[in-house]
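Peer 1: from the sequence below, what's the structure:
(one chain, ligands or ions: 5)
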Amino acid sequence: MMIPSFNIPISLFFLSFVFFLILSSTKVSSDSLLYVCPNTTTYNPNSTYQTNLKTLLSVLSSNSTTTTNGFSNFIAGLNPPDIAYGLFLCRGDVSTAACQACVSTATKVVQKRPNSKVATIWYEKCILRYSNRSIFCYADQTIALSLVNMQNVTEFNRFVEVLGSVMDDIVTRASSSSSDSR
Ligand SMILES: *[C@@H]1O[C@H](CO)[C@@H](O)[C@H](O)[C@H]1NC(C)=O
Ligand SMILES: *[C@@H]1O[C@H](CO)[C@@H](O)[C@H](O)[C@H]1NC(C)=O
Ligand SMILES: *[C@@H]1O[C@H](CO)[C@@H](O)[C@H](O)[C@H]1NC(C)=O
Ligand SMILES: *[C@@H]1O[C@H](CO)[C@@H](O)[C@H](O)[C@H]1NC(C)=O
Ligand SMILES: *[C@@H]1O[C@H](CO)[C@@H](O)[C@H](O)[C@H]1NC(C)=O
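Peer 2: Ligands and ions are numbered 1, 2, ... in the order given. Next comes the predicted model:
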């Protein structure tokens, strides 16, 4: 399944995502917000890559039960080109149980779709990514998700003020903290 990616500026994307986090209702959905799995890079059934991918997803799912910071990565396989790299990241404010449930769903859903060597799936509470190349130090700026909340702001000036300070705070913390701080 191929969902077109939108080349909007990363700042806008981030802003939209934060808007979403702040304003969204607490409705929990098992549907993914976005799922990108290009059918241009596929593995063969019963291939070594598939075996490694299964191991990878199983380890990530299992690690999500013990993660304290909502993040884990893993590499399955020893020999290129069959190595599978993967990670998950849960939203900073979700419990370990909710993180685990989200990652578990994500690992199951990605295995149901057709044989893609590369995939990214987003839920409200977690993101799961895997690839046949290392993805750990590379931000993927080709995928962006913008979610518009249709509710009206009641106090616009106050909203802009709060939004500004929240964004400033995020920028400061994101650029100065170690990666595992929440
Ligand atoms: C990949 O998906 C596109 C769009 O759905 C389709 O046109 C194309 O035939 C698919 N390619 C393969 C190799 O399945
Ligand atoms: C993959 O392996 C299973 C179990 O060994 C077998 O039933 C199936 O036919 C194989 N599929 C392919 C495409 O080789
Ligand atoms: C995830 O699980 C694997 C395999 O059990 C282990 O080697 C790795 O250290 C775990 N990672 C984290 C972050 O818990
Ligand atoms: C990943 O898979 C694609 C498609 O099969 C291949 O072109 C590419 O070289 C692979 N990348 C690595 C690092 O093995
Ligand atoms: C938001 O405000 C506009 C203009 O006043 C109005 O038409 C619209 O119905 C409002 N939307 C909601 C969700 O209240």
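Peer 1: sec struct for the most centrally placed residue in the chain, please.
Peer 2: For the chain, the residue nearest the mean C-alpha position is I127 (2.0 Å; Cα atoms, centre = their mean). Counting by DSSP: H, G, I helix; E, B strand; the rest coil, the backbone at I127 sits in strand.
Peer 1: likewise N157?
Peer 2: Reduced to three states by three-state DSSP, N157 is helix.
Peer 1: next, count neighbours for it.
Peer 2: 8 (other Cβ atoms under 10 Å). All C-beta spots, glycine's among them, are computed from the backbone N, C-alpha and C.
Peer 1: how far away is it from ligand 5?
Peer 2: Going from N157 to ligand 5 by Cβ to the nearest ligand atom, to the nearest Å gives 16 Å.
Peer 1: show the pLDDT at that residue.
Peer 2: pLDDT for N157: 96.
Peer 1: same check on the one 5 residues further on?
Peer 2: Reported pLDDT at V162 in the predicted model: 96.
Peer 1: you'd agree the residue nearest to the centre of the chain is up against I121?
Peer 2: Yes. The criterion here is Cβ atoms under 8 Å, and I127 meets it with I121 at 7.2 Å.
Peer 1: contacts only, for the residue nearest to L53 when sequence neighbours are not counted.
Peer 2: Closest residue to L53 apart from its sequence neighbours, by Cβ to Cβ, 6 or more residues apart in numbering: A84 at 4.5 Å. A84 is in contact with 49, 52-53, 55-56, 75-77, 130-132, counting by Cβ atoms under 8 Å, 6 or more residues apart in numbering.
Peer 1: hmm, back to that, chain neighbours aside, what residue packs nearest to the residue nearest to the centre of the chain?
Peer 2: L89 (5.1 Å).
Peer 1: can you pull the alpha-carbon coordinates of the helix or strand that that neighbour is a member of into CSV?
Peer 2: Using DSSP states H and E, L89 sits in strand 84-90. Taking Å, rounded to 0.1, in the frame of the first residue of the first chain, the C-alpha atoms of strand 84-90 are listed here in CSV:
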residue,chain,number,x,y,z
ALA,A,84,16.6,-5.8,9.1
TYR,A,85,16.9,-2.6,11.1
GLY,A,86,13.9,-1.3,13.1
LEU,A,87,12.8,1.0,15.9
PHE,A,88,9.7,2.1,17.7
LEU,A,89,9.0,5.4,19.5
CYS,A,90,6.1,6.0,21.8
